[in-house]
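S.K.: Would you be able to build a 3D model of this:
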Amino acid sequence: MPGRLMARDSAIRPPFHRLVRLSGPIPAIGTGPPGTSTRENQGMLRRHARLGTSMGDLLVVADDGGLTGIYFPSHWHPPAAGSLGIDVDARGDALFSRLGVELDEYFAGRRIRFDLPLAPVGDEFQHAVWAMLRDIPFGETVTYGQLAERLGDRNLARRVGGAVGRNPISILVPCHRVVGADGSLTGYAGGLDRKRQLLELEGAEVVAQRRLF
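M.R.: A predicted model of the protein is given here:
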C-alpha cells in the first residue's frame, strides 16, 4: 500500500531497550492507512500529549486526520504553542495509546514499520519529500541528492534538505534515514545523537562502517 514501509525480511533484530512506558488498557483504534482519519478519532479536537521515552519525552500531536507531529525535546522546529490543541492523557486516547505500543515495539526491535494514520501539514513539495521518506526501508539510508534525483533534478538537494528538516513526524516518517553524500549523519531536528541511536537500532550499514574508522 502506498506510503507504508515494507519489511526487507522477516528477521527480528535483537532487543534494544523498551523506551515507551504506558500503563492501563489500550483503547480500540481503527486501522486506516497513513493520511486517513479513523472512525474513533473523527470529530475529536486537535490535541496533544507526552510519551515518556529514554530519548526524552516525545510531544505528540494529532487531529481528526491522524498524527500531525512527533517532536523530541529541544526539537529544532517545534510546533507553534497555539497549534497544539487540548492537552490529553495519552493512555485515554486511542491514537496516542496505539502510538505508544508501536513505538515500544520498534525500540524493542520487534517492529520495522508503523500502521497509524498520518496527517502532516505542509506544502506540495514537502509532502512529495515526506512521501519518499516513508518509502525508505528499515535499516537503509539515502542521500539528499538521491532524493532530489527521484524528483527529477539533483539541484533540488538543498530544497530537499529543507523539507527533510521540517518533517514534523519524527521516527514514523523516517527522516533519520537521510544522510550526507559522504555518509555523514549531518543535521537532524531531534539531535545527531538521537539520529545515531535510531540508525544503530535499525542496524544501518552507514553507522557500522563509520565505527571502523
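S.K.: from here on, contacts and neighbour counts on C-alpha atoms
M.R.: Noted.
S.K.: how about the nearest residue to Tyr71 once chain neighbours are set aside, what does it touch?
M.R.: Leaving aside its sequence neighbours, Tyr71 sits nearest to Leu59 (Cα to Cα, 6 or more residues apart in numbering; 5.0 Å). Applying Cα atoms under 8 Å, 6 or more residues apart in numbering to Leu59 gives the contacts His48, Ala49, Arg50, Leu51, Gly69, Ile70, Tyr71, Phe72, Pro73.
S.K.: Show me which of these is closest to Ala119.
M.R.: Distance to Ala119, by Cα to Cα, is smallest for Gly69 among the contacts of Leu59, at 8.3 Å.
S.K.: quick one: that closest one is in a strand?
M.R.: Yes: counting by DSSP: H, G, I helix; E, B strand; the rest coil, Gly69 falls inside a strand.
S.K.: That one and Arg50 touch, don't they?
M.R.: No: taking Cα atoms under 8 Å as the definition, Gly69 is not a contact partner of Arg50, at 11.4 Å.
S.K.: Tell me which of those two has more neighbours.
M.R.: Gly69 (25 against 19; other Cα atoms under 10 Å).
S.K.: Could you list which residues are in contact with Ile70?
M.R.: So Ile70 contacts Leu58, Leu59, Val60, Val61, Pro168, Ile169, Ser170, Ile171 (Cα under 8 Å, 6+ apart).
S.K.: hey, what's the fourth one bridged with?
M.R.: Assessed by DSSP bridges, Val61 has beta-bridge partners His48, Gly69.
S.K.: Quick check: it touching His48?
M.R.: Yes: counting by Cα under 8 Å, Val61 touches His48, with 4.3 Å between them.
S.K.: Need the residues touching each of these two.
M.R.: Common neighbours of Val61 and His48 (criterion: Cα under 8 Å, 6+ apart): Leu84.
S.K.: Which residues are in contact with each of Gly69 and Arg50?
M.R.: With Cα under 8 Å, 6+ apart, Gly69 and Arg50 have common neighbours Leu59, Val60.
S.K.: quick one on the thing from earlier: okay, and which of the contacts of Ile70 map to strands?
M.R.: Leu58, Leu59, Val60, Val61 (DSSP state E).
S.K.: my guess is the first one contacts Gly69, does it?
M.R.: No: with contact defined as Cα under 8 Å, Leu58 and Gly69 do not form a contacting pair (9.7 Å).
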